[in-house]
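**Student:** the following block contains a protein sequence and its predicted model.
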Amino acid sequence: MNALMKVLERALALAFIFAVCLNFTNVIGRYVVGRSIAGADEIQIYIMVAMAFLGAGLVAWRRNHLRMDILVRFFPQPTQKALRALEIGLVVLLAGFTLMQSARYAWQMAELGRASDMGSIPMWIPHGVVAVGFALILASVLRK
Amino acid sequence: MSFALGVLPVALLLLGFPIYIVLLAAVTVALVFFMNVPFAALHQNLFGAIDAFALLAVPFFIYAGELMGRGSVASRIVDLVQAGIGRLPGSLGVTTVGTSAIFGAISGASAATVATVGKAMLPAMRRANYPEPFAAGLITAVGAIDIIIPPSIPMIVYGMAAQESVPRLYAAGVLPGLLIAGMLAAYVVWYSKKHGFESGTPFSAAVFFRSMYRGIWALGAPLIILGGIYGGVFSPTEAAAVACVYAALVTWLVFRELGWREVVEAAATTVLFTGQVLIIVACAGVFAWLLTVNQVPAAMVAWLESMNISNWELLLAINVVLLAVGCFLDPLSSILLLTPLLIPMVKAAGIDTVHFGVVVAVNLAIGLFHPPFGINIFVAQSTLKLKLEVIYRGIVPFIFIYLAALMLITYVPEISLAGVKLFLRI
């Protein structure tokens, strides 16, 4: 699983560099040849969507999500352990529920054959990324 | 419903649960147990909150800062500022302030500035016999300017949450940022005179131009960002992308300090930061939608009107709340949690939301270095190997300087709005 997460991190990093280059190319294109790449904005946004949700999975794997844990540090060890167990249960429930809703939505997009306006990107892909992100969060919490 | 939108999130937040889980729990409980809305609304709002071109500026600016921070940019700016200051009491301290302000105009990430500028300036201040608490306090506090001076990441997030223009917010942040830098520099000069610190070397045009030659590439980033936005050449998102390409080219090809591997590593760091922050943005988007459809902001405005309090009292109360929250929570989470609740009240009171954005940024900047839990304190402790008690002792005068600046910025809106008139000519 560690190797998979590393590969995903690198893939997202390369996709992000691609998004930067795409944006830059569009700026240059607008001023030099008076044209920009159709659908470039959509591609960049969907890369950011992937970074947000798949990245959240990577952060969950590293147990690095932002939290306010100042008070908890002063709790006795058994209380901290109980809270950690409660957190795992809650994350499993919530990530599972959101995964179901997002997967259903992405499935509907695929069935309807919906595509983005400018780039004709099949919409089940960016919507499916949300589901995969929550699946990663779920897997990370269960695995850890 | 008040359990789902009030009691539950506050309880989970205090119990140390991840912030996105706090928000997700609140919205899921509200949707499942208290509302008659299709569950698909959860996914639609999660996706919709991120589906915004303007939000791309957040990872782009982080990436530009990451690239610039990995090379010798900080030391080049230090040399340039020091050469420009010349003979002045506390020249090293003033250089720290100036370098942080310029570095903030490149990166917009406060912790990075504390670490990068601190590594360059702390040894020099130690050699010049600056008291350790003073040097530690200055380095820890001065980095907080970065979330006020453009390009500020919290201001992009505030702009999204408050539906306010990012270029206007950036323009509004310039003068308050410079005001705080000026006040910090004035204190450093006064303190240095009092304690008889050496005044540095006299100004030399030759040294200055040599430093300018070395640092000119580093200064190009803020010029591109601000010049591009206010010259009408780029949108803030495009300016951020151009800054990334510029930073990569300068550190890779001009300074020859980074290779392809470091460029990808910086991108991977940005991916992790984006995963940390944008999942909260997504969940906060659903939470804000729930607050709106349940008319919570409208109820708060009605309550406020019934209280009949003046604008200065409202701003004072909000400042106290933001300072308290900022001491425990990072700026982005604070903005995402509080802005949907505060903006309707602020609008109802007739307060300019651009001015208010700067007030929010200054409050949360103080939270970044306020004891006991300001994040910059721990950054300084870990990266500069400073003792916690030394930082705590040194930080106190700087908290008072920021509070004085906060009062000025809160109650003299012209300090913020003059920048909007100046840069946007409106």
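**Tutor:** Thanks, I have the structure now.
**Student:** what sits closest to the residue in chain A positioned nearest to chain B if chain neighbours are left out?
**Tutor:** Of all residues in chain A, residue A:55 sits closest to chain B, at 2.3 Å by C-beta to the nearest C-beta. In this view, the C-beta of every residue, glycine as well, is placed from N, C-alpha and C. Among residues not flanking residue A:55 along the chain, residue B:275 sits closest, at 2.3 Å (C-beta to C-beta, 6 or more residues apart in numbering or on different chains).
**Student:** just residue A:1 next, same as before
**Tutor:** Among residues not flanking residue A:1 along the chain, residue A:143 sits closest, at 5.8 Å (C-beta to C-beta, 6+ apart).
**Student:** for residue 113, give me its contacts.
**Tutor:** Answering for chain A, as no chain was given. Contacts for residue A:113 (C-beta atoms under 8 Å, 6 or more residues apart in numbering or on different chains) come out as residue A:122.
**Student:** should've been chain B
**Tutor:** Taking C-beta under 8 Å, 6+ apart as the test, what residue B:113 contacts is B:100, B:103-104, B:107, B:142-143, B:146.
**Student:** nearest residue to it other than its sequence neighbours?
**Tutor:** residue B:143 (4.1 Å).
**Student:** gap between the residue nearest in space to the middle of chain A and residue B:272?
**Tutor:** With distances taken as C-alpha atoms, centre = their mean, residue A:53 lies nearest the centre of chain A, 1.3 Å away. Distance, residue A:53 to residue B:272, by C-beta to C-beta, to the nearest Å: 13 Å.
**Student:** name the residues of the longest helix anywhere in chain B that are buried.
**Tutor:** Ordering each helix of chain B by length in residues (DSSP state H) puts helix B:260-293 first. Across helix B:260-293, burial judged by 16 or more other C-beta atoms under 10 Å in any protein chain shown covers B:262-291.
**Student:** could you look up the next helix or strand downstream of the helix or strand harbouring residue B:83?
**Tutor:** Here residue B:83, judged by DSSP states H and E, is contained in helix B:73-85. Next in sequence after helix B:73-85, counting helices and strands by DSSP H and E, comes helix B:91-104.
**Student:** show me what counts as buried in the next helix or strand after that following helix.
**Tutor:** Following helix B:91-104 in sequence order, the next helix or strand is helix B:110-127 (DSSP H and E). The neighbour-count check on helix B:110-127 (16+ other C-beta under 10 Å) flags B:110-118, B:120-122, B:125 as buried.
**Student:** separation between residue A:91 and residue A:106?
**Tutor:** Counting by C-beta to C-beta, the gap from residue A:91 to residue A:106 is 21 Å.
**Student:** where are the low-confidence patches of chain A?
**Tutor:** For chain A, the stretches flagged by pLDDT under 70 are A:144.
**Student:** in it, which spans are helices?
**Tutor:** In chain A, the helices defined using DSSP H lie at A:2-32, A:40-61, A:77-112, A:124-143.
**Student:** other SSEs contacting the third one?
**Tutor:** Read it as helix A:77-112. On a contact count with 3 or more C-beta pairs under 8 Å, 6 or more residues apart in numbering or on different chains; DSSP states H and E, helix A:77-112 meets helix A:124-143, helix B:19-29, helix B:40-50.
**Student:** quick one: contacts of the longest one?
**Tutor:** For helix A:124-143, contacts defined as C-beta under 8 Å, 6+ apart pick out A:1, A:8, A:46, A:49-50, A:52-58, A:60-61, A:88, A:91-92, A:95-96, A:98-99, A:102-103, A:105-107, A:109-110, A:114, B:43, B:46-47, B:279.
**Student:** and if we set it to 6 Å?
**Tutor:** A:1, A:46, A:49-50, A:53-54, A:56-57, A:60-61, A:88, A:91, A:95, A:98-99, A:102-103, A:105-106, A:109-110, B:47 (C-beta atoms under 6 Å, 6 or more residues apart in numbering or on different chains).
**Student:** skipping adjacent residues, who's closest to residue A:129 in space?
**Tutor:** Nearest non-adjacent residue to residue A:129, counting by C-beta to C-beta, 6+ apart: residue A:50, 4.9 Å away.
**Student:** what is the neighbour count of that neighbour?
**Tutor:** 26 (other C-beta atoms under 10 Å in any protein chain shown).
**Student:** what does residue B:306 give?
**Tutor:** 8.
**Student:** give me the element it is part of.
**Tutor:** Here residue B:306, judged by DSSP H and E, is contained in helix B:296-307.
**Student:** for that helix, give me every contacting residue.
**Tutor:** Against helix B:296-307 from outside (C-beta under 6 Å, 6+ apart): B:344-345, B:348.
**Student:** run the last query once more with 10 Å
**Tutor:** B:1-2, B:5-6, B:288, B:290-292, B:295, B:313-314, B:317, B:340-349 (C-beta atoms under 10 Å, 6 or more residues apart in numbering or on different chains).
**Student:** before we move on, what about stretch B:417-426?
**Tutor:** So stretch B:417-426 is in contact with B:150, B:165, B:167-178, B:226, B:229-232, B:352, B:354-355, B:358, B:412, B:414, going by C-beta under 10 Å, 6+ apart.
**Student:** please state the backbone phi and psi of the most centrally placed residue in chain B?
**Tutor:** Centroid-nearest residue in chain B: residue B:147, 1.7 Å away (criterion: C-alpha atoms, centre = their mean). Note on residue B:147: its backbone torsions stand at phi -90, psi 0 [degrees, to the nearest 10].
**Student:** which positions in the stretch 301-426 of chain B make contact with chain A?
**Tutor:** Within the stretch 301-426 of chain B, the positions near chain A by C-beta under 10 Å from any C-beta of the partner chain are B:325, B:327-330, B:332-333, B:372-373.
**Student:** same thing but 7 Å
**Tutor:** B:328-330, B:333, B:373 (C-beta under 7 Å from any C-beta of the partner chain).
**Student:** which pair in those spans the largest distance?
**Tutor:** B:333 and B:373 (13.3 Å; C-beta to C-beta).
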